[in-house]
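1. Please work out how this folds:
(2 chains)
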Protein chains: 2
Amino acid sequence: MTDLPSHVTIRDVSMRDGLQIEAPIPLSAKLELLAAVAATGVREMEATAFVSPSKVPALADAPDLAAELHRFGDIEFSALVASPNGAKRAIAAGLRSIEYVVSAADGHSRANVGRTSAEATAQISDIVGIAHGSGTTVEVIVATAWDCPFDGPTPVRRVLDIVAAATDAGVDRLALADTIGTATPRRVTDLIEAVRPEIGPAPLGAHFHNTRGAGLASAYAAVSAGVTRLDASVGGLGGCPFAPGASGNIATEDLVYLLRDSGIGVDVDLEAAIAAARVAQQAVGHDLPGALLRAGDRIPG
Amino acid sequence: MTDLPSHVTIRDVSMRDGLQIEAPIPLSAKLELLAAVAATGVREMEATAFVSPSKVPALADAPDLAAELHRFGDIEFSALVASPNGAKRAIAAGLRSIEYVVSAADGHSRANVGRTSAEATAQISDIVGIAHGSGTTVEVIVATAWDCPFDGPTPVRRVLDIVAAATDAGVDRLALADTIGTATPRRVTDLIEAVRPEIGPAPLGAHFHNTRGAGLASAYAAVSAGVTRLDASVGGLGGCPFAPGASGNIATEDLVYLLRDSGIGVDVDLEAAIAAARVAQQAVGHDLPGALLRAGDRIPG
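-> Residues are numbered from 1 along each chain as shown, chains lettered A, B, ... in the order given. Here you go, the predicted model:
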């Protein structure tokens, strides 16, 4: 394990992936949660999504939320988009970092955005053009990179096609998303080893859900294979409304615990992340699955 | 990851570690659970413990349970013991495989068995003598191998001292136990790399709790580092009554899922393990934390 990175960037996605499946909560509660997550020291947060308000009512307040982000000047905020129009809306709202999500599987792509994977891939260059024209960075997230709830296992070729289109278009970052929480470490290693030679200098991130208990195992495998960016949400908040059976993201505080004890530097304070997870529980009104919420830190040393 | 083993032996510990912290359940309910676990195809089960009935009332029926094990002829049953007297009782009850647990940390050792780690270690050779004299195999389990709830991180030297005594005494197998669920993959790798050169030909196992969400990550790290035996309980049943904050073992079915998708052979059928986890939930009368209990298998392929 001598190839572990010295630092991993945790992007907290509580505000987007964490909240999108929940019943809408007031902007004031969102801002309380945002402040609690910001207090962890995290450097990057996915703040919201500019997608159909009717499909994701929990994030319909994206422009209003975006207008408040200037209060937290030290953090790089981003928004998820699913179309060129969404990219334009995000940029108009002041975002300077966007994630464009492209499903590698047609079943999920159609359910999620009403287009095939190839149709969504074809829009990458448009979105990069729109974003870069305004000084906005673009990450392409390959959704259902391992499995699709409708189509089953995703052929590696489908992932590589998106990666090639994204690299050709000059995206700033790439990420592989285990949208429905089925990945396991060996399959993570295999896919990352197939993708890494194709992406050039763009940083590679990964996004896991803990649906089948292997989220942290997959995250550690990803880091061991060269990934330096991981998404997580406090308390393990979240899920994907269009992926049957999906449950929460890996919990920020559980990930921090694992990475810290692996000698990997992170920007997020563990106790502050646990405190933010408690705020998240209050905001959504139910228990969250994060383990450290119950167990706390070990006796350090 | 080319060093992954082709097969890992899962020992199901539902009946012992799984039940010991629960309120006592009738022998008939135990036998239903045992039958459900046996139906998974598992080759080894830790059936009970021969310890103080007043300290572990849930396992006070150990002799009665042992008398029923002949019904399940294909499975190697074992019992945990904490003293030479316990070993004698287990053997008298018909067991031909015992685990002797020795805490590497004095704090946990005193709380668990009222002796220091060195005092417990000194009894290994007695127990091996008693066991081998009757054709019974002995595994030494090093408890609190990573951390103690009272003493904090366990110095590697303390683990190696137990390993040396066990190897000198001619034990048949060794295992490292993350008694309070604090281990993380890098620390697992480090300890196993320190222990492996010291154990000779005895197979090395590992035992993890998912208290801080890293149980499966630690199990995969252990397997990647040469461990070929893992303990698990259906549904993630279990915990240690003398270790504050401890929660369930890693779930058998979640482990099977991860190992199967890593190309590692196991004896346990996934769907049968999920069914056994449901039986376990009924037996103890509350939900269990196993992930596949909720999410089920992915679409295979």
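2. pLDDT weak spots in the stretch 201-301 of chain A?
-> A:239-247 (pLDDT under 70).
3. In it, mark out all the strands, start to finish.
-> Ranges of strands within the stretch 201-301 of chain A are A:204-208, A:229-232, based on DSSP state E, counting those that start in this stretch.
4. and the helix or strand hosting residue A:125, what other elements does it pack with?
-> Counting by DSSP states H and E, the element that carries residue A:125 is helix A:124-132. The contact analysis (3 or more C-beta pairs under 8 Å, 6 or more residues apart in numbering or on different chains; DSSP states H and E) places helix A:124-132 against helix A:84-92, strand A:97-103, strand A:137-143, helix A:156-169. C-beta coordinates here come from the backbone N, C-alpha and C atoms, glycine included.
5. tell me the mean pLDDT for the longest one?
-> In this model, helix A:156-169 carries a mean pLDDT of 98.
6. Now it: buried residues?
-> Applying a neighbour-count criterion of 16 or more other C-beta atoms under 10 Å in any protein chain shown, one finds A:158, A:159, A:160, A:161, A:162, A:163, A:165, A:166, A:167, A:169 buried in helix A:156-169.
7. Surely residue A:130 touches residue A:87?
-> Yes - using C-beta atoms under 8 Å, residue A:130 makes contact with residue A:87 at a distance of 4.9 Å.
8. anything in contact with each of the two?
-> Common neighbours of residue A:130 and residue A:87, counting by C-beta atoms under 8 Å, 6 or more residues apart in numbering or on different chains, are residue A:136.
9. So for the two, which sits in the more crowded spot?
-> Counted by other C-beta atoms under 10 Å in any protein chain shown, residue A:130 and residue A:87 do not tie: residue A:87 has more neighbours, with 26 against 21.
10. quick one: contacts for that one?
-> The contact partners of residue A:87, taken as C-beta under 8 Å, 6+ apart, are A:50, A:81, A:98, A:100, A:127, A:130, A:131, A:136, A:138.
11. any idea which of the residues you listed is closest to chain B?
-> Comparing the contacts of residue A:87 against chain B with C-beta to the nearest C-beta places residue A:100 closest, at 25.6 Å.
12. neighbours of the residue lying closest to the closest one once chain neighbours are set aside, just the number please.
-> Nearest residue to residue A:100, sequence neighbours excluded (C-beta to C-beta, 6 or more residues apart in numbering or on different chains): residue A:127, at 5.0 Å. Residues lying near residue A:127 (other C-beta under 10 Å) number 26.
13. where along chain A do the helices fall?
-> Shown for chain A, the helices assigned by DSSP state H span residues A:27-38, A:62-66, A:84-92, A:106-113, A:117-121, A:124-132, A:156-169, A:185-195, A:215-224, A:252-260, A:270-284, A:292-295.
14. packing partners for the first one?
-> Contacts of helix A:27-38 with other secondary structure elements, assessed using 3+ C-beta pairs under 8 Å, 6+ apart, are made with strand A:44-50, helix A:62-66, helix A:270-284.
15. most packed of these?
-> Highest mean neighbour count among the helices and strands packed on helix A:27-38 (mean count of other C-beta atoms under 10 Å in any protein chain shown): strand A:44-50, with a mean of 26.
16. who's in contact with residue A:297?
-> By C-beta under 8 Å, 6+ apart, residue A:297 lies in contact with A:257, A:270, A:271, A:274.
17. before we move on, back to that, which of the residues in the helix holding residue A:125 are buried?
-> Per 16+ other C-beta under 10 Å, helix A:124-132 contains these buried residues: A:124, A:127, A:128, A:130, A:131.
18. what's the closest of these to residue B:194?
-> Of all those, residue A:124 has the smallest distance to residue B:194: 48.0 Å, by C-beta to C-beta.
19. I'd like the distance between the closest one and chain B.
-> Distance, residue A:124 to chain B, by C-beta to the nearest C-beta, to the nearest Å: 27 Å.
20. Could I get the contacting residues of that residue?
-> Contact partners of residue A:124, counting by C-beta under 8 Å, 6+ apart, are A:100, A:102, A:140, A:162, A:165, A:166, A:169, A:171.
21. Point out the residues in the stretch 1-150 of chain A that sit beside chain B.
-> Residues of the stretch 1-150 of chain A lying close to chain B by C-beta under 8 Å from any C-beta of the partner chain are A:1, A:4, A:147, A:148, A:149.
22. Can you report how many residues neighbour residue A:173?
-> 19.
23. Now it: closest residue in space that isn't a chain neighbour?
-> residue A:139 (3.9 Å).
24. Okay, and the beta partners of that neighbour?
-> Note on residue A:139: beta-bridge partners residue A:99, residue A:173, judged by DSSP bridges.
25. Just give the number of residues close to it.
-> 24.
26. what do you get for residue A:263?
-> Neighbours of residue A:263 under the rule other C-beta under 10 Å: 12.
27. right, and residue A:134 touches residue A:92 too?
-> No - between residue A:134 and residue A:92 there is no contact under C-beta under 8 Å: 9.1 Å.
28. picking up where we left off before, ok, the residue nearest to residue A:100 - contacts?
-> Per C-beta under 8 Å, 6+ apart, neighbours of residue A:127: A:81, A:83, A:84, A:87, A:98, A:100, A:138.
29. 6 Å instead?
-> Each residue near residue A:127 by C-beta atoms under 6 Å, 6 or more residues apart in numbering or on different chains is listed here: A:84, A:87, A:100.
30. With pLDDT and distance to residue A:30 as added columns, please give those residues in CSV.
-> Below are the contacts of residue A:127 laid out as CSV (pLDDT from 0 to 100; distance: C-beta to C-beta, whole Å):
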residue, pLDDT, distance to residue A:30
A:84, 98, 26
A:87, 98, 22
A:100, 98, 23
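31. just the residues you listed now: which is nearest residue B:72?
-> Using C-beta to C-beta, residue A:100 comes nearest to residue B:72 of the contacts of residue A:127, at 55.4 Å.
32. Let me know whether the closest one touches residue A:140 as I believe.
-> Yes - if you go by C-beta atoms under 6 Å, residue A:100 and residue A:140 touch, sitting 5.4 Å apart.
33. In this structure residue A:27 contacts residue A:62, no?
-> No - Residue A:27 is beyond contact range of residue A:62, at 10.5 Å (criterion: C-beta under 6 Å).
34. I'd like to know which residues of the stretch 201-301 of chain A are adjacent to chain B.
-> Contact residues (C-beta under 6 Å from any C-beta of the partner chain) of the stretch 201-301 of chain A with chain B: A:211-214, A:216-217, A:220, A:245, A:254, A:257-258, A:261-262, A:291-292, A:295, A:298-299, A:301.
35. Now with 7 Å, please.
-> Within the stretch 201-301 of chain A, the positions near chain B by C-beta under 7 Å from any C-beta of the partner chain are A:211-214, A:216-217, A:220, A:245, A:247, A:251, A:254, A:257-258, A:261-263, A:291-292, A:295, A:298-299, A:301.
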